[in-house]
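[1] Just the structure for this:
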Amino acid sequence: MELSSAQNLQALSALLSTRDEDDEYNCRNMTSSAVMGPGDIGLPSPAANKSAYTKKDSKAIWSEEEVTEGSQFDDLTDTRPKPEYDILLKQNVGTEDVFLGMSRKDPSSMCCDSMLVKIKLPDTKATDVVLDVKEKFLDLRTPNFKLGLHLPHPVHSQDGKAQFYSERQELEVTLPMNRLMDQINLQR
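    So this is what the prediction gives:
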């Protein structure tokens with residue numbers, strides 16, 4: 001009796017199956033471009049017809065968006081060494097943050113207020129330092145050193161502070177960070 005019930009189930013399965021052997025053969029031989037997905041439903045968008053690399057000027061090799069900020073400071077013929085530096089992220093926290101957790105600050109870098117760049121400049125005077133800070137790039141030049149540093153986060157370049165410590169022969173540059181949604185994320 002079990003044998004007949006197994007045969008009955010196979011017969012029922014064959015009746016309910018919608019695929020033919022020809023359909024299975026055609027599906028196996030299809031190329032990947034012929035397979036459709038959810039994005040293929042509806043009319044093609046006009047943006048899909050345009051290339052991602054359209055040039056505005058026919059003689060331009062690259063657009064201004066493709067050039068990273070600070071690349072004009074790169075000088076391959078300049079042999080001055082790069083000084084040692086550290087990038088530290090700082091938070092302004094109070095007792096309500098540490099003990100009570102009243103603000104939405106946490107120890108992550110997303111809640112940091114400013115960036116501190118410490119640059120060691122041995123045998124350098126404060127008057128020899130030339131510093132230029134952009135939103136995403138820090139350029140430092142002295143007679144002995146050259147540093148072109150791409151910053152990990154955008155900063156408010158006009159609001160920064162720099163201080164040279166002669167006894168440690170170190171320059172500290174404090175830059176307030178400029179991020180989207182700072183008013184919401186760092187609200188007190």
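
[2] check contacts around Q163.
    171-172 (CB atoms under 8 Å, 6 or more residues apart in numbering). To be clear about C-beta, it is placed using only N, CA and C from the backbone, and glycine gets the same treatment.

[3] Bridge partners for it, pull those for me.
    Beta-bridge pairing for Q163 (DSSP bridges): E172.

[4] measure it to A126 for me?
    Applying CB to CB, to the nearest Å, the value for Q163 to A126 is 9 Å.

[5] and what of K105?
    Using CB to CB, K105 is found at 34 Å from A126.

[6] now the end-to-end length of stretch 150-168.
    Start and end residues of stretch 150-168 are separated by 24 Å (CA to CA, to the nearest Å).

[7] for it, which positions count as buried?
    151, 153-155, 157, 160, 162, 164 (16 or more other CB atoms under 10 Å).

[8] I'd like the residues you listed as TSV, with distance to L89, secondary structure and pLDDT appended.
    As requested, the buried residues of stretch 150-168 are exported to TSV (distance: CB to CB, whole Å; DSSP: H, G, I helix; E, B strand; the rest coil; pLDDT from 0 to 100):
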residue	distance to L89	secondary structure	pLDDT
L151	11	coil	91
H153	8	coil	88
P154	13	coil	90
V155	11	strand	92
S157	17	helix	87
G160	14	coil	92
A162	17	strand	94
F164	21	strand	95
